[in-house]
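*Asks:* Coordinates only, no sequence provided:
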């Protein structure tokens, strides 16, 4: 092995710190949204998927993203809000060179009994939208999710996605979570797009232009 042992230890400790701080962002988001009656519609504490335990794919041993999603009720769900912290992900036409916090809303055209975690993750990334509508360079809204999205349940085609991306480094305290994640997400849910855009425009990345 060509890497210095101390460097490896330092790197592992650094990753642990990143995950601990990321968990704090997710918990803070959950706490703040709960004050507005948004709940976790599942008892699962799972925050990531799509890792590998295979010797053939060591590049996938670590999580590439973590997420939590929220709804107003546990059954007969009509919309979800969610947050995904993406460390390393194929964003297709968007080239991110640093970790991003993806904040999204999915509005279902019909009620669904429950919400698989993967559904929110789908809605969070624009590459799964077959029709993208922009409110501004920073914010996409009411974009139709493809019914061919990597083989998930066909109910996903009944959803429209809206969302925005904030650099993870800008979410450095609880006030930033509230100002750049929670409050804008609530405005997304209310379809107050201009107010949402005004809240995020100084931090959100531009997706067009």
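*Replies:* Received, thanks. It should be emphasised that the depicted structure is a prediction, and the values quoted were computed from it without experimental measurement.

*Asks:* as a whole number, average confidence for the strand ranked longest in the chain?
*Replies:* The residue-count maximum for a strand in the chain (DSSP state E) belongs to strand 100-112. The average pLDDT within strand 100-112 is 82.

*Asks:* Name the residues linked to the most centrally placed residue in the chain by a beta bridge.
*Replies:* Among the residues of the chain, the smallest C-alpha distance to the mean C-alpha position (CA atoms, centre = their mean) belongs to residue 84, namely 2.3 Å. With DSSP bridges as the criterion, the beta-bridge partners of residue 84 are residue 67, residue 102.

*Asks:* Pull up the gap between it and residue 11, please.
*Replies:* In this structure, residue 84 and residue 11 are separated by 24 Å, where distance is defined by CB to CB, to the nearest Å. C-beta coordinates here come from the backbone N, C-alpha and C atoms, glycine included.

*Asks:* Just the endpoints, please. Distance across stretch 37-55?
*Replies:* Stretch 37-55 has an end-to-end distance of 44 Å (criterion: CA to CA, to the nearest Å).

*Asks:* What residues sit buried inside it?
*Replies:* For stretch 37-55, a neighbour-count test (16 or more other CB atoms under 10 Å) marks 38, 41, 47, 48 as buried.

*Asks:* Reformat those into CSV and put secondary structure and pLDDT next to each item.
*Replies:* Listed next are the buried residues of stretch 37-55 as CSV, based on DSSP: H, G, I helix; E, B strand; the rest coil; pLDDT from 0 to 100:
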residue, secondary structure, pLDDT
38, coil, 94
41, coil, 79
47, coil, 79
48, coil, 76
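
*Asks:* follow-up on the earlier one: who does the longest strand of the chain touch, helix- and strand-wise?
*Replies:* With contacts defined as 3 or more CB pairs under 8 Å, 6 or more residues apart in numbering; DSSP states H and E, strand 100-112 has these neighbours: strand 77-86, helix 117-124, strand 159-167, helix 183-189.

*Asks:* Specify the stretch among those that is closest to residue 98.
*Replies:* Each of the helices and strands packed on strand 100-112 has some distance to residue 98 by CB to CB; the shortest is strand 159-167, at 5.9 Å.
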